[in-house]
Every structure is written in structure tokens, then in C-alpha cells.
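Engineer: prediction below, plus the sequence it came from.
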Amino acid sequence: MQLFTLAFLLIAQLVSGHFELTYPNWRGDSFLPPASQYMFPCANVNTTDASNNNRTLWPLDGGSLKIEFHHSWTYVAFNLGLGSNTNTFNISLNPMLLNETGNGTMCFPKWRLPADLNIEDGTDASLQIITIGDSGTALYNCADIRFSADATLLSEDQCQNTTGLELYPLVQQQADGSMVGAAATVTVTASAAGASATGESAAMGMSAPGLSSLALGAALTAALLLGS
Ligand SMILES: [Cu+2]
């Protein structure tokens, strides 16, 4: 009975825990031991000949990003490391830490890279997705990609969002409680097709699949400029 209970709990955790990188294809299933999403930098899932030969092609200026979130909320960061087998993910793809709320699928048709990267056709790289929970523990998943001028984005059918998921960049709060750059805060509401934006007059609201990561990037930049 106890063994049965233990097995049930393990299975429940495997099904419900942590997060899953659906696109680009993750390097390997990080739910299966000896993988562990707690392990930096890539959940103890290393680049292999197989994963090296199975890279997802990504456009030179950024590509589709699809993540299954399994927790009620988490902080999220996207990082990039250049090279065929790198452990250095030193290129941040989000100017500010992001706060994600809700369980389900979040898909960005195009997560645009910083403009000054000047990625060349054929460059190998790895994406690292980090989530950080309320206790401060971090979870990791990585995907091996190859930048290609011929790469395409996910279609609208392939890039749908669960209703009600939200993604906000963090803003700085002053000692008096006011928010620096709050007027430019982006409210990204990733929801099913046809949902409307939820931004207030002072905020920019976007909905997916109408969500444009270009616009998100621009708004994040605006928030950063106002906050500095
Ligand atoms: Cu978890």
C-alpha cells in the first residue's frame, strides 16, 4: 500500500511538476531521471550527437517559443548561448525578469532577439529557459537550435495559448510605493483566439495570437528607458 502510494505520488509529480519546453524541441525529456530540472544549466540533459543532429531551425532574428507551465505562477527568464555545446548562456532575451501566472500553454509566435546580435546563417546555439518559484529555487530546460535563413515560425494553429495565462515584466517599486516606469508596463494576456486585450489606459495590452513579440520587445524597452 505504501509503495503504491509512493508510486502514485511520483507519477503525479512527473505529470504535474515543473515546466516543459515544447518548442523549440527541448534537448531531452527532463522529467526522466537522471535528469532533474533543478540542475543548472540544462537539467542534467547534455548535448549529445543525437540532439546535435536534431536542432530546431530558428530564424536569424528570433523564432517561436512554446512552453507548458505547470505551476500557478513563476518568474521566467529566457537566455541564449552561442555554440554547438555551450554551458554559457550569457545573452538575455528578456530585458526584465518576467512574471508568469497560470497553468497551461504559452506560445509566442516570434520571440524577437536583441537587434545587435547579428546572428549568421548556420550558427548553432542553445536556448535556456529558467523559471524561479516563490522559494527561490530555479528550474531549467534547454533546447538546441540552429539559426537558419530558411527557418519558419510556428503556424497560428500550432501556436495557441491557454485562456487566462498572463505574463508581466517586473517593474521597480519606489520607497513611497509608486512604480517606476509603470505607465509603460506591458500586460500580456495570452489567451485563446479572439480574446481581447486587458490593458488599462496607462498600460499596453496585447492578446495572443495577435500578440506580437516585436511589440512586446518595444514595450519592454520603453519600460526600461522610463525606469532608468
Ligand atoms: Cu515543479
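Structural biologist: Sure thing, it's come through. Numbers count the residues shown, from 1 in each chain.
Engineer: check the average confidence over stretch 126-145, would you?
Structural biologist: Per-residue pLDDT values over stretch 126-145 give a mean of 96.
Engineer: how far does that stretch stretch from one end to the other?
Structural biologist: For stretch 126-145, the first-to-last residue distance is 6 Å (C-alpha to C-alpha, to the nearest Å).
Engineer: any buried residues in that stretch, and which?
Structural biologist: 126-131, 139-145 (16 or more other C-beta atoms under 10 Å). (Glycine included, C-beta is placed from N, CA and C.)
Engineer: and what of stretch 88-106?
Structural biologist: For stretch 88-106, by 16+ other C-beta under 10 Å, it's 89, 91, 93-94, 96, 98-100, 102, 105-106.
Engineer: so which of these would you say is closest to the ion?
Structural biologist: Checking the buried residues of stretch 88-106 against the ion by C-beta to the ion gives E100 as the nearest, at 13.1 Å.
Engineer: which SS class is that closest one?
Structural biologist: strand (DSSP: H, G, I helix; E, B strand; the rest coil).
Engineer: mind listing what it touches?
Structural biologist: E100 is in contact with 69, 73-76, 106, 131, 165-167, counting by C-beta atoms under 8 Å, 6 or more residues apart in numbering.
Engineer: which ones among the buried residues of stretch 126-145 come in contact with the ion?
Structural biologist: Among the buried residues of stretch 126-145, no residue is within reach of the ion (C-beta under 5 Å from the ion).
Engineer: of the contacts of E100, keep whichever come out buried.
Structural biologist: Judged by 16+ other C-beta under 10 Å, buried ones among the contacts of E100: 69, 74-76, 106, 131, 165-167.
Engineer: nearest to T22, of these?
Structural biologist: M106 (9.8 Å; C-beta to C-beta).
Engineer: and the one helix or strand that closest one maps to, how far out from the chain's middle?
Structural biologist: Using DSSP states H and E, M106 maps to strand 104-112. Relative to its chain's centre, strand 104-112 lies at 7 Å (C-alpha atoms, centre = their mean, to the nearest Å).
Engineer: now do that strand: which elements does it pack against?
Structural biologist: Identification of packing neighbours for strand 104-112 by 3 or more C-beta pairs under 8 Å, 6 or more residues apart in numbering; DSSP states H and E yields strand 62-69, strand 165-169, helix 213-227.
Engineer: looking at the ones you listed, which has the lowest confidence?
Structural biologist: Among the helices and strands packed on strand 104-112, helix 213-227 scores lowest, at a mean of 39.
Engineer: which residues does the nearest residue to L98 once chain neighbours are set aside bridge with?
Structural biologist: Residue nearest to L98 in three dimensions, not counting chain neighbours: V76, with 4.5 Å by C-beta to C-beta, 6 or more residues apart in numbering. Using DSSP bridges, the bridge partners assigned to V76 are L98, T131.
Engineer: next up, the contacts around V76.
Structural biologist: 67, 94, 97-100, 129-132, 167.
Engineer: same question for F89.
Structural biologist: 41, 79-81, 126, 128.
Engineer: redo those residues as a markdown table? Include secondary structure and distance to N25.
Structural biologist: A markdown table is the format used below for these (DSSP: H, G, I helix; E, B strand; the rest coil; distance: C-beta to C-beta, whole Å):
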| residue | secondary structure | distance to N25 |
| --- | --- | --- |
| P41 | coil | 18 |
| N79 | strand | 17 |
| L80 | strand | 16 |
| G81 | strand | 17 |
| S126 | strand | 12 |
| Q128 | strand | 14 |
